[in-house]
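Student: everything below, folded, please.
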Amino acid sequence: MIRTGGAAFPRSLPASGFHDCSERTSFGSVDAFVCDLMDDSWEDYLDMMGARTAMIEALRDAPVQRVAVLRGLEVNPDDRGEGHGKRMMADLLDSFDDLGANITFLFADMEECNDFDLTEWYAGYGFERVDNDQAAPCMMIASPQIIAEVRETNTFGNSNTLETCLI
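Tutor: Numbering: from 1, shown residues only. Model (predicted):
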């Protein structure tokens with residue numbers, strides 16, 4: 001395990017199955033998991049967040065074996081600005097990579113009170129916005145081909161295209 005300011009993320013886990021990567025620390029928490037593509041956990045989460053069936057189908061047919069989902073990363077208000085979020089995110093992405101995740105998802109909570117643009121913060125870690133939802137845009141790390149396929153599904157029902165939304 002690696003430790004970052006109290007956060008511990010597993011470095012070696014069984015080759016298949018569901019892996020809970022959640023962690024609570026004195027300065028914040030991470031809620032995340034990695035699972036096999038055949039595990040319904042990632043589909044259930046995307047469905048719960050409002051993803052259209054077309055997006056889930058595109059991903060189910062993608063050439064991937066493992067999916068990582070970041071459900072939440074929070075730094076306590078009194079501990080913000082000290083780099084805890086950056087370290088937790090970097091360690092978590094390393095853990096996802098070590099667990100063989102081919103795709104990583106998150107939904108950025110734009111209604112969260114932050115002093116910065118959350119989508120830009122996640123983009124700094126390689127996440128790309130793949131839909132046009134304003135309140136909780138879906139972002140992911142994946143191959144350019146998979147990103148393009150997911151964007152084509154225009155996943156969240158808004159009649160605007162992603163390009164229109166981001167201009």
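Student: what about the strands in the protein?
Tutor: Assigned by DSSP state E, the chain shows strands spanning 2-4, 7-9, 19-20, 23-24, 28-36, 66-75, 103-107, 128-129, 138-141.
Student: list the pairing partners of the last one within its sheet, with orientation.
Tutor: Counting by DSSP bridges, the strands paired with strand 138-141 are strand 103-107 (antiparallel), strand 128-129 (antiparallel).
Student: what of the fourth one?
Tutor: When pairing is defined by DSSP bridges, strand 23-24 lines up against strand 28-36 (antiparallel).
Student: now the strands of the chain as CSV including mean pLDDT?
Tutor: Listed next are the strands of the chain as CSV, based on pLDDT from 0 to 100:
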stretch, mean pLDDT
strand 2-4, 31
strand 7-9, 43
strand 19-20, 92
strand 23-24, 94
strand 28-36, 93
strand 66-75, 92
strand 103-107, 91
strand 128-129, 94
strand 138-141, 92
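Student: to residue 89, which of those strands lies closest?
Tutor: The closest of those to residue 89 is strand 66-75. By C-beta to C-beta, the value is 6.3 Å. (C-beta placed from N, C-alpha, C; glycine too.)
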